[in-house]
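Student: Here's my sequence, what's the structure:
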Amino acid sequence: MEPQTRQILVFLAGPLTWLIIAVAVYLVWRANRARSAARAGQKGAGDVLFHEGFVSGTSHKNAFTRYFVVSRNTASVTVTPSELIIASAIPIGDLNHCAPRATARATVGRSAFGRTAVSVEFDAGGGGRRVVELALRDPEGFVAALSDGRSRAAG
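Tutor: Numbers count the residues shown, from 1 in each chain. Here you go, the predicted model:
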């Protein structure tokens, strides 16, 4: 290997190492944040109005998360008397939320592949609103749990 090539590789090794460390720390931080949101949703069986696991979804935070970051069968949705909890097992995108149930509104959309898309809008804190689109097997139960608390639990 030529000395010039070796100098370039040594020069790039430091920044690349820091970049890899920064990405790893970020992914660990997001995974812990998702786990804490999921733990917040682990209530007693009587406190859960609706729960569905293996949910697909996407966030409408921006164009990138809306069209390119899709969680396929890795999220779960839980509705309690006071909260709406959306937790994704994969910490990429903007699909981990814990919002007051009173601020959440759901709109049933199109149906495909045995699931119906539900658009959920809720307060994200700080006066902002978020929109998340979820593919649910039981959209009517989810909408009922958000609106008046009458629902049936789904797997």
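Student: Which parts of the chain are helices?
Tutor: 3-40, 63-67, 139-147 (DSSP state H).
Student: worst-scoring helix or strand of this protein, pLDDT-wise?
Tutor: One helix or strand of the chain scores below all others by mean pLDDT, DSSP states H and E: helix 63-67, with a mean of 74.
Student: Tell me which residues of that helix come out buried.
Tutor: Of all the residues in helix 63-67, those buried under the rule 16 or more other CB atoms under 10 Å are 65-66. All C-beta atoms are positioned from the backbone trio N, CA, C, and that covers glycine.
Student: Let's have the helices of the chain in TSV, adding distance to residue 107.
Tutor: Formatted as TSV, the helices of the chain follow (distance: least, CB to CB, whole Å):
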stretch	distance to residue 107
helix 3-40	23
helix 63-67	16
helix 139-147	8
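Student: Most tightly packed of those helices?
Tutor: For the helices of the chain, the largest average neighbour count (mean count of other CB atoms under 10 Å) is found in helix 139-147, namely a mean of 20.
Student: Dump it to PDB, restricted to CA.
Tutor: What follows is helix 139-147, C-alpha atoms only, in PDB (Å, rounded to 0.1, in the frame of the first residue of the first chain):
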ATOM      1  CA  PRO A 139     -60.300  -0.800  13.200                       C
ATOM      2  CA  GLU A 140     -63.900  -0.500  14.600                       C
ATOM      3  CA  GLY A 141     -62.700  -1.700  18.100                       C
ATOM      4  CA  PHE A 142     -59.900   0.800  18.000                       C
ATOM      5  CA  VAL A 143     -62.200   3.700  17.000                       C
ATOM      6  CA  ALA A 144     -64.700   2.700  19.600                       C
ATOM      7  CA  ALA A 145     -62.000   2.500  22.300                       C
ATOM      8  CA  LEU A 146     -60.800   6.000  21.400                       C
ATOM      9  CA  SER A 147     -64.300   7.500  21.200                       C
END
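Student: Now that helix: average pLDDT?
Tutor: For helix 139-147, mean pLDDT rounds to 90.
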